[in-house]
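Peer 1: what shape does this take:
(chains A and B)
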Amino acid sequence: MLPRRNALVIGQPGMSLVAARRNDRVRVLRVSGRPLVIQRLASLGVVPGVVLTVLKPRGPSVVAMGGARIAIGAAAAEAVEIEVV
Amino acid sequence: MAPPIVAVAGCPNAGKTSLFNQLTGASQKVGNWPGQTVEQYSGAFRVRDQVFTAVDLPGTYGLVAVSTEEGIAADYLREEQPDLVLSVVDASNLTGSLHLVAQIAEAGHRQVVALNMVDVAERRGFDIDEPVLADRLGVEVVRTVARKGVGIAELKQAVARSLDQSAQPLVVDYGPVVERHIGGLVENIIETPAIAALGSPRWTALQLLAGDRSLRQTLTTIPGGHRLLEAAAADRDGITAETDYDCEMELAEHRFNWITDLVDDMTGAAVSTTTWSDRVDRVLIHHYLGIPVFLAVMWVVLRVTADVTAPYLEWIDATVSGPVSHWLVSLLSAIGLGGGWVESLLVDGVLAGVGGVLTFVPVLFGLYLMLALLEDSGYMSRAAAVMDRAMRVVGIPGKAFLPMMVGFGCTVPAIYATRTLDSPRDRMLTGLITPFMSCGARLPVYVLLASIFFADAKSMVVFAMYVIGIVVAVVVGFLLSRTVLGDEDPTPFVMVMPEFRMPNIRTVWILVKQRTLSFIKGAGTTILAASMVVWLLLSIPLGGGGRFADTSVEESAFGMVSKGVAPMLRPLGFGDWEQSGSLVSGFVAKEVVVSTMAQLYATPTEETDVSAPSLGDDLREIGSSFYVAGVDTLRTIPRVVGLDFIDTSANTDTTLQTAVRTSFEESSGGHGALAALAFMVFVLLYTPCMAAVAAFRQEFGTKWMWVSVIGQYTIAGAGAFIVFQGGRLLGLG
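Peer 2: Okay, here's the model as predicted:
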C-alpha cells in the first residue's frame, strides 16, 4: 500500500515538479489546479503516491512512470507537488 | 440475427489500430459516430462459423473524457452497450493502460484483454505474470504483438469463448468517505428506473462523482435526472470538504492505488531504465535544439508534399485534360450527343471537376504519408511538446499545431483535426486560425503569379506567403486569446510520449488510404458540385448575345457577378472583372483560381484535334508519362534537403502569362507586381473553400461560421490593401 498524503507534515508544502533535477526519483504528494489539469493528470496516473523519474525538469517536464513517458507543460507541472525520494 | 459487436478500446499508442487492422483485415468500413463527424471504423472477423463486428473506438486514457474525441468512446460504451469490449493494453506501460481497463471492468462490461507489445516489455526487462491480471479482473488475457500479428488467433478464440460468460462488475475500494457517498447516490439511482437502466448503478454514481460531462447531459433529459445531479454536486462538495482534496483526484488516487498494487503483483519490483528513445528525446525536445529540429522536419515534410508529388500532379492533369477528354468527346459523338450542351456539361463541368479533385490527390497523399510516418514513429507528440512552449506565449495551445500542420495540406481535415484538443475554447481558437495556414490548393496561384512578376525571386515570394499565413494565424490567435476567448487560459499541456519506433508500413498505409479517400469523398463532392455550378453560371447568357451553353464568358451570369464584385477590389489593385471572377470561383475552391483565369483570359486551349490519336497511342502515352513522373519524383528527392523551394523551371502557358501580366498592369495603373503580391495575399487570407466553411459550420455552429467568414474577408481585404497601397506609398513596384 502506498503512503497516503495525510501522513505528510501539514503546513510544509513539497516542492513543485519544475524544481526537480534530471534523474531525480520523486513521489507525487498532491496535484492541484484547474479541473481539466486534474482530470488529465489523473487519467494518466499522475496521482498522489506515484513515484516518477524526472527525465527533463522543465520546458516541458518529462517524467517516466513505469514504461510511460509523460510530457507536462509548465502550467501543469507547477501544479504537481513532489518530494525527492 | 445481427453479429455480436466487439468494441476495441485502448489508450492512444497502445497498438489499438494495428490490432484492429489485424483483426478485421480488408473488411473495414468507414462511417460516422452517431451525431459526430469523427469517422468510425468497423469491420468483421470470424471465429470458426461465428461472425463478429468489431468497432474501433477512439483512443482514450479513461472513461471520463477530457477531449471531444475521447468522449466518443465513453458515450458509445454507455449508450450502445456492445456485447464485449476488447481492451488493448500496452504491456510496457501497464500502470497507464490499466486505468481504462479497470474502468471498463467497473462499468460491468464483458471484457477480454489483449496484453499488447509484450516484445517491447520483455526488451525492457518486464516479466509479466498475466494470470494475475486475468484473476483480478475475472477476464481472459491474451499476449499479443499486434504489429507482427502474434497472438491474434488466440485472441479471437478468447473473444468467442468469453461471449457467453456473465460479466461481474469490478469493485474497487474508494475508502470510507467516498464509499459512503457512493452508497447514498446508488440508493438515489435505483429509485428511478430510467436512470438505473443506464448501467451498473455503482458505476453511474462513480461517473457522477468524477464529473463526467456527457452523463450529466444525458441526465438532464431524463425525469428525475436534475434531482440526481444536484445530489451528486452536493456529494462532490462533501467529499472535497471531508478529504480536503479534489473529488476527481480522490477517486483517481484510489483507483491507481489498486492498479499499482496489481502491477506490483504482476511484474514484481518496478524496473525503470533509460532507453535509447530517452536519449533521442534529449535532442528532440532539447530546450534550444527542439525548435530548430522541428523546423527542419517540417521543411522536409513541405518539400515532399510540394515537390515530390508535383510530377504526378502534372501527369494526372495532362491525362484528364488530354486523352480522357478526347475519349469522352469521341464517345459522345458516337452516341449522337456531341457538340451540344451535354458535351459542354460533361467535359467542361463534370470532367474538369473530376480533374480538379484528382490533381489534389498526389499532394494530399504526400502530406498524409509524411504526417502518418511522423505520427507512427512517435515524433508528433514530441513536436507538440516542443511547440507548446513557443505557442503558449501567444495564447495558443501546443496541441493546436497538428491541425495547423494538416492545414498546409487541406483546411477541411484540419478543421476536423481540432477535435483532439482538450477544451472547447482551445478548439474554437484553433479552428479560427487554421484557415490562414496556406493549403496546397493556394500554391498554384502563388506559383503562377510569382513566375510572372518575380521570376528571379519566385521561391522566396512563395515561401513568404506561407510565412505571412503563419504570422497572421499567430497574431489572430494572440488577439482572440486576449479578447473574445480571453476568459480562460489555454488548457495546460499534458501528453504521453510513445517510444520511438520504426513506422509500421501497414498502419501507415491504412492511415494514408483512409484520409485520402475521405478527402476524395468529402471535399471531392463539393469541388465537383462547385465546378458544375460555375459551369452553369458560365452557360447562362445574361448579356444579350448567345444561347445556353454557348455564350461568351463576359456576357454570362458568371461575368455579371464578377463585374459586380470588381469595383470593391479596385483599391486593392486588382479590380478587373477577370481577376474578381477568379476570386469568386476561388470561394468555391482555391484549386480553380488558376483554371478560371485561364478560362476568363480566353487563352486559346490547344485544339490538338489535328489528328485524333488512337486509343493505343493514348494508352502508351499515359503509361510512359507516368513512368516519366516516377523518374522526376526520384530526381526531386535529393533536392528535398536543398534550398530551391519550387522548381523554377516549371513551364506555364506563356499566353496565359502575358494575358495575366497585361491585366495586372492595367488594373493597378502600372503597379503590376504590387497588385500581384496583393492578389496573392488576398488568396492566402480569404475563405479557403466552400468545403472548409461547411466543415467549420458543422464543428462550431452557424454563428461562429459567420464570425470566421467575415473575419477572413476583412483580414484578406486589409492585408491586400496594406500591401498595394502601402507599397505604392513607399514607392515600391
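Peer 1: buried ones in the lowest-mean-pLDDT helix or strand in chain A?
Peer 2: None of the helices or strands of chain A scores lower by mean pLDDT, DSSP states H and E than helix A:35-44, at a mean of 82. Within helix A:35-44, the residues that qualify as buried are A:36-44, counting by 16 or more other CB atoms under 10 Å in any protein chain shown. Any C-beta I mention is one placed from the backbone N, CA and C, and that applies to glycine too.
Peer 1: adding distance to B:Glu665, write the residues you listed out as CSV.
Peer 2: What follows is the buried residues of helix A:35-44, written out as CSV (distance: CB to CB, whole Å):
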residue, distance to B:Glu665
A:Leu36, 55
A:Val37, 58
A:Ile38, 62
A:Gln39, 60
A:Arg40, 57
A:Leu41, 61
A:Ala42, 64
A:Ser43, 61
A:Leu44, 61
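Peer 1: could you pick out which of these are near chain B?
Peer 2: The residues of the buried residues of helix A:35-44 that also fall near chain B, by CB under 8 Å from any CB of the partner chain, are A:36-44.
Peer 1: flag the shaky bits of chain A, pLDDT-wise.
Peer 2: A:1-13 (pLDDT under 70).
Peer 1: which residues of it fall in strands?
Peer 2: A:15-16, A:25-31, A:51-56, A:61-65, A:68-72, A:80-84 (DSSP state E).
Peer 1: and for chain B?
Peer 2: B:5-10, B:29-32, B:39-47, B:50-56, B:84-90, B:111-116, B:140-143, B:494-497.
Peer 1: to chain A, which of these lies closest?
Peer 2: Closest of those to chain A is strand B:494-497, at 4.4 Å (criterion: CB to the nearest CB).
Peer 1: identify the residues contacting that closest one?
Peer 2: Contact with strand B:494-497 is made by A:37, A:40-41, A:44, A:46, A:62, A:68-73, A:76, B:11-13, B:61, B:96, B:281, B:378, B:381-382, B:384-385, B:399, as judged by CB atoms under 8 Å, 6 or more residues apart in numbering or on different chains.
Peer 1: ok so, going back, closest one to chain B among the strands of chain A?
Peer 2: strand A:68-72 (4.0 Å).
Peer 1: helices or strands up against that closest one?
Peer 2: helix A:35-44, strand A:61-65, helix B:276-284, strand B:494-497 (3 or more CB pairs under 8 Å, 6 or more residues apart in numbering or on different chains; DSSP states H and E).
Peer 1: cutoff 6 Å now
Peer 2: The contact analysis (3 or more CB pairs under 6 Å, 6 or more residues apart in numbering or on different chains; DSSP states H and E) places strand A:68-72 against strand A:61-65, strand B:494-497.
Peer 1: okay, and the beta partners of B:Arg143?
Peer 2: Under DSSP bridges, the beta-bridge partners of B:Arg143 are B:Leu115.
Peer 1: ok, it touching B:Asn116?
Peer 2: No: counting by CB atoms under 6 Å, B:Arg143 stays clear of B:Asn116, with 8.3 Å between them.
Peer 1: of these two, who's got more company?
Peer 2: Using other CB atoms under 10 Å in any protein chain shown, the more surrounded residue of B:Arg143 and B:Asn116 is B:Asn116, with 30 against 20.
Peer 1: B:Gly581 contacts B:Gln599, correct?
Peer 2: No: in terms of CB under 6 Å, B:Gly581 does not count as a neighbour of B:Gln599; the distance is 8.8 Å.
Peer 1: out of those two, which sits in the more crowded spot?
Peer 2: B:Gly581 (29 against 21).
Peer 1: give the closest residue to that one in space, chain neighbours not counted.
Peer 2: B:Ser562 (3.4 Å; CB to CB, 6 or more residues apart in numbering or on different chains).
Peer 1: kindly report the same for B:Ala9.
Peer 2: B:Leu57 (4.8 Å).
Peer 1: so what's the residue count around the one you found?
Peer 2: Neighbour number of B:Leu57 under other CB under 10 Å is 26.
Peer 1: same check on the one 3 residues further on?
Peer 2: One way to gauge burial is a neighbour count; for B:Thr60, by other CB under 10 Å, it gives 26.
Peer 1: the one 10 residues further on too?
Peer 2: Here the number of neighbours of B:Glu70 (other CB under 10 Å) works out to 23.
Peer 1: for the closest residue to B:His254 other than its chain neighbours, phi and psi?
Peer 2: What sits nearest to B:His254 in space, not counting adjacent residues and going by CB to CB, 6+ apart, is B:Tyr174, at 4.5 Å. B:Tyr174 adopts backbone torsions of phi -100, psi 10, taken as degrees, to the nearest 10.
Peer 1: wait, doesn't B:Tyr174 sit right on B:Glu253?
Peer 2: No: counting by CB under 6 Å, B:Tyr174 sits too far from B:Glu253 to count as a contact (9.1 Å).
Peer 1: comparing these two, which residue is more hemmed in?
Peer 2: B:Glu253 (26 against 21).
Peer 1: show me what contacts the more buried one?
Peer 2: A:47-48 (CB atoms under 6 Å, 6 or more residues apart in numbering or on different chains).
Peer 1: again with B:Thr551
Peer 2: B:Pro541.
Peer 1: so how far is chain A from it?
Peer 2: Computed as CB to the nearest CB, to the nearest Å, the B:Thr551 to chain A distance reads 59 Å.
Peer 1: the nearest residue to B:Gly59 once chain neighbours are set aside - how many residues pack around it?
Peer 2: Sequence neighbours aside, B:Pro12 is the residue nearest to B:Gly59 in space, at 3.4 Å (criterion: CB to CB, 6+ apart). Around B:Pro12 sit 18 other residues, with neighbours defined as other CB under 10 Å.
Peer 1: isn't B:Pro12 up against B:Leu57?
Peer 2: No: in this structure B:Pro12 lies outside contact range of B:Leu57 using CB under 6 Å: 11.1 Å.
Peer 1: that older thread, any quick PyMOL command for the buried ones out of the contacts of strand B:494-497?
Peer 2: Of the contacts of strand B:494-497, the buried ones go into a single PyMOL selection, burial set by 16+ other CB under 10 Å:
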select buried, (chain A and resi 37+40+41+44+46+62+68+69+70+71+72+73+76) or (chain B and resi 11+12+13+61+96+281+378+381+382+384+385+399)
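Peer 1: which non-adjacent residue is nearest B:Tyr601?
Peer 2: B:Ala659 (3.8 Å).
Peer 1: how near is the one you found to B:Val445?
Peer 2: For B:Ala659, the distance to B:Val445 (CB to CB, to the nearest Å) stands at 15 Å.
Peer 1: and these two? Which one has more around it.
Peer 2: Applying other CB under 10 Å to B:Ala659 and B:Val445 shows that B:Val445 carries more neighbours, namely 26 against 19.
Peer 1: from B:Phe436, how far off is the more buried one?
Peer 2: Taking CB to CB, one finds B:Val445 at 15 Å from B:Phe436.
Peer 1: ok, B:Arg279 next?
Peer 2: For B:Arg279 relative to B:Phe436 (CB to CB), the value is 37 Å.
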